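*Asks:* Provided below for reference: sequence and predicted model.
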Amino acid sequence: MKSLFGMRPVALGAVTLGLLLAGCGDQKAGDTAGSSSGSAAPVAAPAGADWTQTIAETPEGGYRMGNPAAPVKLLEFASYTCSHCAEFAEKASAPLQDLVKSGRVSWEFRPFLLFPTDPGISMLVRCHGANASFLLTDQLFATQPDWIARLQALPPAEGQRINALPPQQQLGEIVKAAGLDQFFRQRGMPEARINSCLADKSGLDRIMGITKTASEEMEVQGTPTFFINGKKVENAASWEALEPEIRKALG
C-alpha cells in the first residue's frame with residue numbers, strides 16, 4: 001500500500017526523528033530577484049483598517065495579505081513542519097507585516113508539502129478560512145517543537161499502524177498523534193468540522209496540486225523559498241537575506 005504523495009510507506013517515528021537533524025530542502029545558488037522598477041510610495045488602506053487586515057485566497061491556492069495592487073509582491077512557499085520556516089516566521093512576521101501596512105508590499109503564503117504532517121495541517125488551516133490563515137500559521141510555527149516532540153515520542157508500533165492506513169485516513173491519525181486536533185479545537189474548529197475537512201479528497205488534491213505546480217513549474221526544491229514579483233530569490237532562506245531583496249525592489 002502506498003503512503004501519501006505516492007511514496008512507499010515509512011515509519012512515522014523515523015520520519016519525524018529526522019526533522020530536527022536535516023534541512024528542509026536544497027537551495028541552489030543563482031540569480032537573485034530582479035532590480036527595482038522605481039521607488040514605491042505608501043498606499044492608504046481601506047477606511048477603518050490597515051492592509052494586514054486585507055487577506056484573500058489567490059487563484060493559485062495561497063493566501064495573500066495586503067494591497068492586491070502592491071508594487072512589490074512577495075510569495076513564500078513553506079512547510080509547516082520545516083524548522084527553517086519556523087525560524088523565518090519568528091524573525092520576519094512582524095517586520096513583514098509592517099511593510100504590508102505601508103501598502104507597498106503584499107505577502108502571499110502557499111504551503112509546500114515536505115513531511116507527512118504537512119497535508120493535514122495545510123487542509124485544516126484552509127478550512128479555517130482566509131482571515132485566520134496568517135495568525136494560525138504563526139501559531140503553528142511557534143508551537144512546532146511541541147507537536148513535533150509528540151510525534152517523535154510515538155512508539156514504533158503506532159507509527160507503523162498509521163502508515164499502514166489508506167492515505168486519506170493517515171491525515172487524521174497524524175494530526176491526532178501530534179495533538180493538533182486540540183490546537184484547532186481551541187481556536188474554534190469543532191471536531192466534526194476537523195474530521196470532515198480531513199476527509200475531503202478534493203481538499204487534499206488542491207493542497208497537493210500547489211506543491212506539484214511549485215516543484216515542477218517553479219523549481220521550488222526546499223523551504224522556505226521566496227519569489228519577488230514573480231522571480232525566485234536564491235539563497236534567501238532567512239530574513240537577514242530576504243529583507244535586502246525586498247528593500248531593493250521597493251527602491
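*Replies:* That came through fine. Numbering: from 1, shown residues only.
*Asks:* Please make it C-alpha for all contacts and neighbour counts, starting now.
*Replies:* OK.
*Asks:* Which neighbouring elements make contact with the longest helix along the chain?
*Replies:* Longest helix of the chain, by residue count under DSSP state H: helix 83-101. Packed against helix 83-101 by the contact rule (3 or more C-alpha pairs under 8 Å, 6 or more residues apart in numbering; DSSP states H and E) you find strand 105-111, helix 133-142, helix 239-250.
*Asks:* I'd like the ones you listed as CSV, with distance to residue 53 and mean neighbour count appended.
*Replies:* Converted to CSV, the helices and strands packed on helix 83-101 look like this (distance: least, C-alpha to C-alpha, whole Å; neighbours: other C-alpha atoms under 10 Å):
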stretch, distance to residue 53, mean neighbour count
strand 105-111, 12, 25
helix 133-142, 10, 18
helix 239-250, 21, 17
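*Asks:* Compare the ones you listed and give me the one nearest residue 205.
*Replies:* Evaluated with C-alpha to C-alpha, the helices and strands packed on helix 83-101 place strand 105-111 nearest to residue 205, the distance being 12.8 Å.
*Asks:* Would you check the distance separating the closest one from the middle of the chain?
*Replies:* 9 Å (C-alpha atoms, centre = their mean, to the nearest Å).
*Asks:* okay, the angle between it and helix 239-250?
*Replies:* Compare the direction of strand 105-111 with that of helix 239-250 by axes from the mean of the first three to the mean of the last three C-alpha atoms, to 10 degrees and you get 130 degrees.
*Asks:* residues near residue 175, how many?
*Replies:* Residue crowding around residue 175 was assessed by other C-alpha atoms under 10 Å; the count is 25.
*Asks:* doesn't it fall inside a strand?
*Replies:* No. Read with DSSP: H, G, I helix; E, B strand; the rest coil, residue 175 is helix and lies in no strand.
*Asks:* how close does it sit to residue 183?
*Replies:* Remark: distance between residue 175 and residue 183 (C-alpha to C-alpha, to the nearest Å) = 10 Å.
*Asks:* What of residue 43?
*Replies:* 36 Å.
*Asks:* Ok, residue 176 next?
*Replies:* 10 Å.
*Asks:* so what sits against both of these two?
*Replies:* Any residue near both residue 176 and residue 183 by C-alpha atoms under 8 Å, 6 or more residues apart in numbering counts here, and not one turns up.
*Asks:* Quick one: the strands in this protein, in order.
*Replies:* Using DSSP state E, the strands of the chain run over 55-57, 63-65, 72-78, 105-111, 225-228, 231-233.
*Asks:* count of neighbours near residue 69?
*Replies:* Count around residue 69 with other C-alpha under 10 Å applied: 12.
*Asks:* what sits against it?
*Replies:* Contact analysis of residue 69 by C-alpha under 8 Å, 6+ apart lists nothing.
*Asks:* quick one: the residue nearest to residue 241 when sequence neighbours are not counted from residue 106, how far?
*Replies:* Nearest in space to residue 241, with sequence neighbours left out and distances taken as C-alpha to C-alpha, 6 or more residues apart in numbering, is residue 235 at 7.3 Å. Residue 235 sits 21 Å away from residue 106, going by C-alpha to C-alpha.
*Asks:* How far away from the center of its chain is the longest helix of the chain?
*Replies:* Relative to its chain's centre, helix 83-101 lies at 12 Å (C-alpha atoms, centre = their mean).
*Asks:* Ok, stretch 212-219 next?
*Replies:* Worked out by C-alpha atoms, centre = their mean, stretch 212-219 lies 15 Å from the chain centre.
*Asks:* what's it in contact with?
*Replies:* Contacts with stretch 212-219, where a contact means C-alpha under 8 Å, 6+ apart, come from 112, 220-221.
*Asks:* List the buried residues in it.
*Replies:* Within stretch 212-219, the residues that qualify as buried are 212, 214, counting by 16 or more other C-alpha atoms under 10 Å.
*Asks:* Restrict that stretch to CA atoms and write it as PDB.
*Replies:* Taking Å, rounded to 0.1, in the frame of the first residue of the first chain, the C-alpha atoms of stretch 212-219 are listed here in PDB:
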ATOM      1  CA  LYS A 212       3.200  19.800  -7.600                       C
ATOM      2  CA  THR A 213       3.000  23.200  -9.500                       C
ATOM      3  CA  ALA A 214       5.600  24.700  -7.300                       C
ATOM      4  CA  SER A 215       8.000  21.800  -7.800                       C
ATOM      5  CA  GLU A 216       7.500  21.100 -11.500                       C
ATOM      6  CA  GLU A 217       6.800  24.600 -12.900                       C
ATOM      7  CA  MET A 218       8.500  27.000 -10.500                       C
ATOM      8  CA  GLU A 219      11.600  24.900  -9.400                       C
END
